[in-house]
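**Q** Structure for the following, please:
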Amino acid sequence: MGLSVALVSFDKSMIGAMSCNPAIGGLGKGHLVREVDAFDGIIARAADDAAIHYRMLNASKGAAVQGPRIQADRRLFKASVQRQLAAYDNLTIIEGEAAALLFDDCNDSRISGLLLADDSAIRSRAVILATGTFLGGKLFRGEERLEGGRIGENSALKLAQQIRSAGLPMARLKTGTPPRLDGRTINWAGLDEQPSDDGNWTMSAMTSRRYIPQTFCAVTRTNTRTHDIIRSGLDRSPLFGGDIQGQGPRYCPSIEDKIFRFGDRDGHQIFLEPEGLDSHLIYPNGISTSLPSDIQEAMVRSMAGLEQCEIILPGYAVEYDHIDPRALDRSLAVAGFEGLYCAGQINGTTGYEEAAAQGLVAGIGAACKIMERDMPAIDRSNSYIAVMVDDLVLQGVTEPYRMLTARAEYRLRLRADNAGTRLTPLGISVGLVGNERRTAYAQRAKQRQRIEAQLSESATADQLIKAGMKVKADAGRMPLAEWLRFPSVTAKELLNVSRGTDDYPDELIGEIEQDGRYAPYMARQEAEIAALSSNERIKLPESFDYRSIAGLSNEMIERLSLARPETLAAAARVRGVTPAALAAILVHAKRAVASETKAA
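**A** Predicted coordinates for the structure are as follows:
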């Protein structure tokens, strides 16, 4: 967007390092990656630069819930991130510790920059904190205790102390990582292989093809002996001994948690995922743990294929500070501190994908504030990004937030395959999208117009049957696009009935085909979105006093006061707010607006 930006990090060489699982995407998460890519972010391109294994999750289900996921070569991913960052002329990378926020001398709530640990200062009109697990980070493994955000790296302790002393609502969360295994000591022959997907789909719309050699993952399982070994070490686990206070992620629990919570299960699937083409390290996805090293070794060797396996780096847990995201607005700005924004795990989320999407939102928010421009219209009806932000700022978190397709009420519209169509025009309008992507989008938009023009032509059932398609003979005549409601009919077949496919990209034809499949349901959702939009236009003043509204329970008052919803539609999404309560809020909102108008 043309602003001068400084990126501060402990260690320049670690920028782009993948902290935990060397994978990008997945269910819900893959949607976020595609959406960040649509705004010209770099995570999807870095994923393709490093992808050694592609897999479309939920491939047997509808396109709306499919999740693109890649396994990355750690070295190649980091190299791609650093190479792409180096291409930005207005970006300066500074190596150092962010020790304290600086405030304006005349206004102690307005950010004026950042103080580094060496006492040098960076002056700026906005600061975005993206602290990951480093803010007050502490590592746990059995009886071992270390300070740090990840193994071998420092913890941001000074900054954590300042933020806590500023009176912001803070709490602790926990995440973990499994032991890293030596792939040369695994008996691969005895395990089920999981090859990379066939096909040529990629994470980024700007990647024309796959060009990294593909490898396979393998699957093993825990068993009753594994579970007995884990139980034998629970008395030495910091998770069960009370040393770890922070709540861990529900959808990615440690193996200790799994054994405790699902005691009736005789086994859990473990995916053995390579960390790189020239690395022998294996990431065993599914056994995140903070158990002592000796218990970890026995646990690993109890599983099929791992009987002689060597651990290179034992697993550990990380506990870290986060801010209650209800202290943020939809641009991820911190209430009461002008120019301060937060993104990623500091807001109570988990994962690279959620962090990347928040970084995008906070960056747009800060830039728009400085440039005195409006934020682009990102909302729940057009992006998973907005679903996540809305969930965070209205509901808060009790555990690390993970994006899931089930969180989006309009997921039939928000498919991973149409992220560019939905969001790239918004990115262009706000100045986010570079020349290369703008040119590619314009070309794609022209191709889309031609395809839609062909599919607007009519054809009879007889014509389609003669072309080899299976449709009802008495279906009559209708536009070609409407024939896509028959599951056996493909867009390519219909285009060939018209004037051919004209060498259109397969992924574009596939996207338009899915639009046709979902068309009846999309029409129904359009009515819902129209109703939502009318409520979005009913603004609630920031100073709105919910205690003055009769009929609201104490719980509702507390949640609404914390969430500070900006509109009536947002208030409806606050957990526990009833339709009757909304009606009362609407009456008071109208009175407040009328009173302000009269005073003016």
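**Q** Val433 is in contact with Gly427, correct?
**A** Yes: Gly427 is within contact range of Val433, at 4.3 Å (criterion: CB atoms under 8 Å). All C-beta atoms are positioned from the backbone trio N, CA, C, and that covers glycine.
**Q** Low-confidence regions, this protein specifically.
**A** 246, 248-249, 251, 531-532, 593-600 (pLDDT under 70).
**Q** Spatially central residue for it, please.
**A** Glu354 (2.6 Å; CA atoms, centre = their mean).
**Q** longest helix anywhere in this protein?
**A** helix 506-536 (DSSP state H).
**Q** which residues are in contact with the next helix or strand after that one?
**A** Next along the chain after helix 506-536, taking DSSP states H and E as the criterion, comes helix 554-563. Helix 554-563 has contacts (CB atoms under 8 Å, 6 or more residues apart in numbering) with 324, 326, 393-396, 546-547, 552, 570-571, 574-578, 581, 585.
**Q** Alpha carbons of helix 554-563, in CSV - could you do that?
**A** Coordinates of each C-alpha in helix 554-563 appear next as CSV, following Å, rounded to 0.1, in the frame of the first residue of the first chain:
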residue,chain,number,x,y,z
ASN,A,554,-26.1,-10.0,33.9
GLU,A,555,-24.3,-12.5,31.6
MET,A,556,-25.6,-10.7,28.5
ILE,A,557,-24.5,-7.3,29.8
GLU,A,558,-21.0,-8.6,30.7
ARG,A,559,-20.5,-10.3,27.3
LEU,A,560,-21.9,-7.3,25.3
SER,A,561,-19.8,-4.8,27.3
LEU,A,562,-16.7,-6.8,26.6
ALA,A,563,-17.4,-7.5,23.0
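**Q** List the contacts of Ile287.
**A** Pro178, Pro179, Thr222, Ile255, Ile270, Met299, Val300, Gly315.
**Q** my read: the first one touches Ser288, true?
**A** Read that as Pro178. Yes: assessed by CB under 8 Å, Pro178 is found in contact with Ser288 at 5.0 Å.
**Q** Now for these two: what residues contact both?
**A** Ile255, Gly315.
**Q** returning to what we had before: looking at Gly427 and Val433 now, which is surrounded by more residues?
**A** A direct count of neighbours by other CB atoms under 10 Å for Gly427 and Val433 places Gly427 higher, at 25 against 21.
**Q** quick one, phi psi at Cys217?
**A** Torsion angles at Cys217 (phi, psi; degrees, to the nearest 10) stand at phi -100, psi 170.
**Q** so how far is Arg69 from the closest residue to it other than its chain neighbours?
**A** Once flanking residues are discounted, Cys217 sits nearest to Gln194: 4.4 Å by CB to CB, 6 or more residues apart in numbering. Distance of Gln194 to Arg69, given as CB to CB, to the nearest Å: 12 Å.
**Q** anything in contact with each of those two?
**A** Common neighbours of Gln194 and Arg69 (CB under 8 Å, 6+ apart) are Arg55.
**Q** re earlier: and for Gly427 and Val433, which residues touch both?
**A** Going by CB under 8 Å, 6+ apart, residues that sit against Gly427 and also against Val433 are Phe39, Asp40.
**Q** State which strand of the chain is the longest.
**A** strand 107-116 (DSSP state E).
**Q** which residues are contacting that one?
**A** 8, 94, 96-105, 121-127, 336-340.
**Q** Alpha carbons only: can I get that strand in PDB?
**A** Coordinates of the C-alpha atoms in strand 107-116 are reproduced here as PDB (Å, rounded to 0.1, in the frame of the first residue of the first chain):
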ATOM      1  CA  ASN A 107      -0.800  11.500  24.600                       C
ATOM      2  CA  ASP A 108       0.200   8.500  26.700                       C
ATOM      3  CA  SER A 109      -2.400   6.300  24.800                       C
ATOM      4  CA  ARG A 110      -1.000   7.100  21.300                       C
ATOM      5  CA  ILE A 111       1.800   4.800  19.900                       C
ATOM      6  CA  SER A 112       4.900   6.600  18.600                       C
ATOM      7  CA  GLY A 113       7.200   3.600  18.000                       C
ATOM      8  CA  LEU A 114       9.200   0.800  19.500                       C
ATOM      9  CA  LEU A 115      12.200   0.600  21.800                       C
ATOM     10  CA  LEU A 116      14.700  -2.200  21.200                       C
END
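**Q** Now it: buried residues?
**A** Ile111, Ser112, Gly113, Leu114, Leu115, Leu116 (16 or more other CB atoms under 10 Å).
**Q** nearest to Glu542, of those?
**A** Taking CB to CB as the measure, Glu542 sits nearest to Ile111 out of the buried residues of strand 107-116, at 19.4 Å.
**Q** Bridge partners for the closest one, pull those for me.
**A** Counting by DSSP bridges, Ile111 forms beta bridges with Phe103.
**Q** do the same with Met56
**A** Pro68.
**Q** so what does the longest helix of the chain touch, helix or strand wise?
**A** Contacts defined by 3 or more CB pairs under 8 Å, 6 or more residues apart in numbering; DSSP states H and E place helix 506-536 against helix 435-455, helix 491-497, helix 568-572.
**Q** Do a quick rundown of the strands in the stretch 51-200 of the chain.
**A** Under the criterion DSSP state E, counting those that start in this stretch, the stretch 51-200 of the chain contains strands at 51-57, 67-72, 91-95, 98-104, 107-116, 121-123, 127-129, 138-141, 144-147, 170-177, 180-182, 192-194.
**Q** between those strands, which one is nearest to Ala304?
**A** The nearest among the strands of the stretch 51-200 of the chain, by CB to CB, is strand 192-194 at 9.8 Å.
**Q** Distance from the chain centre to the closest one, please.
**A** 27 Å (CA atoms, centre = their mean, to the nearest Å).
**Q** still on that earlier bit, neighbour count winner among Gln194 and Arg69?
**A** Arg69 (23 against 16).
**Q** Would you check how far apart Ser109 and Val361 are?
**A** Taking CB to CB, one finds Ser109 at 22 Å from Val361.
**Q** Glu482 and Gly516 touch, don't they?
**A** Yes: using CB under 8 Å, Glu482 is in contact with Gly516, at 7.4 Å.
**Q** which one of these two has more residues nearby?
**A** Set Glu482 next to Gly516 and count neighbours by other CB under 10 Å: Gly516 wins out with 22 against 19.
**Q** Nearest residue to that one in space, please, no chain neighbours.
**A** Going by CB to CB, 6+ apart, Gly516 has Leu484 as its nearest residue, at 2.9 Å.
**Q** show me the contacts for that neighbour.
**A** Leu484 sits in contact with Ala491, Leu494, Glu513, Gly516, Arg517, Ala519, where contact means CB under 8 Å, 6+ apart.
**Q** The second one: how many residues sit nearby?
**A** Leu494: 28 surrounding residues under other CB under 10 Å.
**Q** show me what contacts it?
**A** Gln454, Leu455, Ala459, Leu464, Leu480, Ala481, Trp483, Leu484.
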